[in-house]
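Asks: Sequence first, predicted model second:
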Amino acid sequence: MTGKARQTEGARAPFAAFVGLALVSAALLAAPLRAAETRAQAAKAEAANLPRPGAYVLQRIQRAPEAQLLDAEGRAAQLSAYTRGAVTALAFFYAHCVDPAGCPLAWSTFETVARDANDDPLLKSRLRLVFASLDPEHDTPNVMRLLQSSENEADKVPWAFVTSRSLSDLSPLIAQMGQDIAFEADPTGRRSGAINHMLKIFLIDPDGWVREIYSAAFLTPENLLNDARTLAMEFPEANNAGAAR
Amino acid sequence: MKSLPSRAVLCALLLGGAFAPAIADETCNSPFMSGLIKGQEQYLHVWTLGEKGVGDGSDKLVTIDVVPGSATYGKVIHTIAVGGRGEAHHMGFTDDRKYLWAGRLDDSKIFIFDVGSDPSTPKLVKTVDNLAESTGYVGPHTFYALPGRMLVQALSNKKDHGGVTGLITYNNAGELVTTTPMPLNDGGDGYGYDIAINPAQNRMLTSSFTGWTNYMMDLSQLIQDDSAMKNFGNTMVMWDLKAMKPLKVFSVPGAPLEIRWALKPGANWAITAGALTSKLYLIKQDDKNEWQAKAVADVGDPSKIPLPVDISISSDASSLWVNTFMDGTARLFDLSNPEAPKQVYAKKIGAQVNMVSQSWDGKRVYFTTSLLANWDKKNADNEQFLKGYSWDGKELREDFVVDFHKEGLGRAHHMKFTARAQKAEAP
């Protein structure tokens, strides 16, 4: 199966997770992600001619800041618990996102990365994936728990879903990470649903340095995996065993 | 390896002007940038050189309302002076289009403006004033967004003010990340000018111009200096973007300046203009998938030294605007066969013209005039303006003019568009 085919197939999983969620209490969540499933295919980037893992250096772009979050059980958690000790791919998302160049693309990319990393001895014990919500109002720990359970089988690399108590708790983090967001509003100024944001995925080394940032123009599983392998070779002691799921 | 312009060229330069830097327009933005304006741009920002005796004489960012029908259409609605004259030159947006970085080639200062909060009134939020000390390079020219970073192509170096220079990577907070020297091996001359990236191929192209000593010299003095005239770039470099390693140096004589990748899906080629040779060069893979650079067209009559400066490619890669400074003319080339571009239209814009910026749909085209303070034409030929035109596929029709001298502004250089209602979208 090609990387692209696998990536497309992967885009179905969030929808499946939300179908389960819909059975419980949130049927409205399913429709947006179903739309995303089909539209995400339009936003695929290509990446060719990548250098060999370990044959290049990823620069230290910025420090990953500290931030107070909530894990999928609703417990207080520091961001550093998710960005230290292992090679971490971190993406900001929200469950209602339907922008084909946004969260669905990140999701399908992460699914492919998780699957490939699971088959790669270099990454299986060193890579961790994190989705952090931009929408604490709607993305409660309960929602995070459902998503997390759908993406964490026993032998896969850990994929954590975290949220925040409030937008005010979240704001300093996204500002420091350079993740710009804007809430769509109706004429009265009330939020009308969408959170416009430029997709960014952050690859963070075990010391907490952001070493690469991906936007839609250059986001492919192959690219992210290549860089993750480069960091894993730089940090052979990296270990995701204690990573929160 | 370096070829010199002929004596005739030098003499022609003496008559009134010269070639020099430029980049602009919606189609030349970094592919990593979000929020491309594919509809009507609302504001046009002009990075303007202060001019002695004109207004306050300071470099400034000038904002013009370009919404047709607006009460202030074609008028200056905001200016922000940054103090002094440091050879204001080019600008570039950050990846989220919220901040505009603007450089000065003389004192190497970089000004970062917030244009996201309210694009009608940009605000200066940071000044980077230690580029030379922290990197060894001077003359920040091209500002090219990478995710979370700004890649800056310098023109010169602190040590000897020659053309050997490098690339500088900052994070979006304006903190230095790393520097990368331009190659001096395998045919490299170490010079730099523009940056253009093809993300799908993991490839970056750079071009080459000249160092501080030359671009700050009075033109009439420069062109009589045989030694100085040897110090112009004659190369382009293909890089592995991820690794930031040069892969191949192309011989592209005569200061290749602006670089534009074709934006049409699947079209893996780029085009540039050689200022001194008055030629368009195509960078494209051959039958063996080897990247090659070759001359594909003359711009005007090279023997008359038209001096191609800024270029602007249409979003479908079907045409290319090429400004020639010496005759103040905008020329449109048909690129339907990039191996053989053909000039299909020309219009005189003014006594001198440098920058050209077109909207994404190509229906609006804007022109400004200044090259470098010491290279602009003199006296009455030193026209300084922004002109906005409509393009219907056959004719440029003038919509408005802002006279930068009458308005007390200075020398009009690089242009960038903003719009108030931007929505994040895929590049």
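Replies: Okay, I see it.
Asks: Now the element after the lowest-mean-pLDDT helix or strand in chain A, going C-ward?
Replies: Least confident helix or strand of chain A, by mean pLDDT, DSSP states H and E, is helix A:30-39 with a mean of 34. Sequence order places strand A:62-63 as the next helix or strand after helix A:30-39, per DSSP states H and E.
Asks: Given that following strand, what are its sheet partners and their directions?
Replies: Taking DSSP bridges as the criterion, strand A:62-63 pairs within the sheet with strand A:209-214 (antiparallel).
Asks: Could you point out the helix or strand that follows the strand it pairs with?
Replies: helix A:221-234.
Asks: Next to chain B, which bits of chain A? Give me the list.
Replies: A:43, A:45-51, A:55-57, A:59-62, A:99-102, A:178, A:180, A:182, A:196-198, A:200, A:202, A:210, A:213-218, A:223, A:226-227 (CB under 8 Å from any CB of the partner chain). Quick note: C-beta positions are derived from backbone N, CA and C, even for glycine.
Asks: quick one: which helix or strand includes A:L170?
Replies: Assigned by DSSP H and E, A:L170 belongs to helix A:167-177.
Asks: Show me what that helix packs onto, helices and strands only.
Replies: strand A:68-70 (3 or more CB pairs under 8 Å, 6 or more residues apart in numbering or on different chains; DSSP states H and E).
Asks: now for the strand it packs on, which elements pack on it?
Replies: Other elements packing on strand A:68-70 under the criterion 3+ CB pairs under 8 Å, 6+ apart are strand A:76-78, helix A:167-177.
Asks: repeat that for 10 Å
Replies: Judged by 3 or more CB pairs under 10 Å, 6 or more residues apart in numbering or on different chains; DSSP states H and E, strand A:68-70 is in contact with strand A:76-78, strand A:127-133, helix A:141-150, strand A:159-162, helix A:167-177.
Asks: can you give me how far the first one is from the chain middle?
Replies: Okay, so that is strand A:76-78. 17 Å (CA atoms, centre = their mean, to the nearest Å).
Asks: Can you give me the buried ones in the next helix or strand after it?
Replies: Next along the chain after strand A:76-78, taking DSSP H and E as the criterion, comes helix A:80-83. By 16 or more other CB atoms under 10 Å in any protein chain shown, the buried positions in helix A:80-83 come out as A:A81, A:Y82, A:T83.
Asks: Stretch B:34-53 too?
Replies: For stretch B:34-53, burial by neighbour count (16+ other CB under 10 Å) applies to B:34-37, B:41-51.
Asks: circling back: and of the buried residues of helix A:80-83, the nearest to chain B?
Replies: Distance to chain B across these (CB to the nearest CB) is lowest for A:T83, with 15.3 Å.
Asks: dump the residue contacts of the closest residue to B:R364 other than its chain neighbours.
Replies: With sequence-adjacent residues excluded and distances taken as CB to CB, 6 or more residues apart in numbering or on different chains, B:R364 is closest to B:S390, at 6.2 Å. By CB atoms under 10 Å, 6 or more residues apart in numbering or on different chains, the contact set of B:S390 is B:P68, B:S359, B:K363, B:R364, B:V365, B:L396, B:R397, B:E398, B:D399.
Asks: which one of those residues is nearest chain A?
Replies: Looking across those and measuring by CB to the nearest CB, the closest to chain A is B:S359, at 20.9 Å.
Asks: Report the residue spans of chain B with pLDDT below the cut-off.
Replies: B:1-25, B:421-427 (pLDDT under 70).
Asks: Just the buried ones out of the residues of chain A next to chain B, please.
Replies: Restricting the residues of chain A next to chain B to buried positions leaves A:43, A:45, A:47, A:50-51, A:56, A:61-62, A:99-102, A:178, A:180, A:196-198, A:200, A:202, A:210, A:213-218, A:223, A:226-227, with burial counted as 16+ other CB under 10 Å.
Asks: one step back: could you export the helices and strands packed on strand A:68-70 as CSV, including distance to B:P338, mean neighbour count and mean pLDDT?
Replies: Compiled in CSV, the helices and strands packed on strand A:68-70 are given as follows (distance: least, CB to CB, whole Å; neighbours: other CB atoms under 10 Å in any protein chain shown; pLDDT from 0 to 100):
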stretch, distance to B:P338, mean neighbour count, mean pLDDT
strand A:76-78, 54, 13, 95
strand A:127-133, 42, 28, 96
helix A:141-150, 47, 20, 92
strand A:159-162, 45, 24, 95
helix A:167-177, 40, 16, 93
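Asks: I'd like these laid out as CSV, including distance to B:L371.
Replies: Converted to CSV, these look like this (distance: least, CB to CB, whole Å):
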stretch, distance to B:L371
strand A:76-78, 53
strand A:127-133, 47
helix A:141-150, 56
strand A:159-162, 52
helix A:167-177, 39
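Asks: quick one, which of the ones you listed is nearest to B:S156?
Replies: helix A:167-177 (33.8 Å; CB to CB).
Asks: Let me know the next secondary structure element after that closest one.
Replies: Next element after helix A:167-177 (DSSP H and E): strand A:181-185.
Asks: Could you list the alpha-carbon positions for that next one in CSV?
Replies: What follows is strand A:181-185 as a C-alpha-only set of coordinates in CSV (Å, rounded to 0.1, in the frame of the first residue of the first chain):
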residue,chain,number,x,y,z
ILE,A,181,-6.1,31.0,15.9
ALA,A,182,-9.2,33.0,15.2
PHE,A,183,-12.8,32.2,16.1
GLU,A,184,-15.4,32.6,13.4
ALA,A,185,-18.2,34.8,14.7
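Asks: Give the other helices and strands that it contacts.
Replies: helix A:167-177, strand A:191-197.
Asks: A:P100 touches A:A216, doesn't it?
Replies: Yes: taking contacts as CB atoms under 10 Å, A:P100 lies within contact range of A:A216: 9.0 Å.
Asks: B:R331 contacts B:Y345, correct?
Replies: Yes: B:R331 lies in contact with B:Y345 (CB under 10 Å); the separation is 7.1 Å.
Asks: okay, those two: which has more neighbours?
Replies: Per other CB atoms under 10 Å in any protein chain shown, whichever of B:R331 and B:Y345 has more neighbours is B:R331, with 21 against 16.
Asks: May I see the buried residues of the helix or strand hosting that one?
Replies: Per DSSP H and E: B:R331 is located in strand B:329-334. Counting neighbours by 16+ other CB under 10 Å, one finds that the buried residues in strand B:329-334 are B:T329, B:A330, B:R331, B:L332, B:F333.
Asks: burial count for B:G190?
Replies: Neighbours of B:G190 under the rule other CB under 10 Å: 20.
Asks: ok, now how distant is A:T88 from B:I305?
Replies: Applying CB to CB, to the nearest Å, the value for A:T88 to B:I305 is 56 Å.
Asks: same question, B:D118
Replies: 44 Å.
Asks: ok, these two, which is more surrounded?
Replies: Set B:D118 next to B:I305 and count neighbours by other CB under 10 Å: B:I305 wins out with 26 against 13.
Asks: What angle do strand A:209-214 and the longest helix anywhere in chain A make with each other?
Replies: Secondary structure assigned by DSSP state H gives helix A:103-118 as the longest helix of chain A. Counting by axes from the mean of the first three to the mean of the last three CA atoms, to 10 degrees, helix A:103-118 lies at 120 degrees to strand A:209-214.
Asks: tell me what the helix or strand following helix A:103-118 is packed against?
Replies: Following helix A:103-118 in sequence order, the next helix or strand is helix A:121-124 (DSSP H and E). Packing partners of helix A:121-124 (3+ CB pairs under 10 Å, 6+ apart): helix A:103-118, helix A:221-234.
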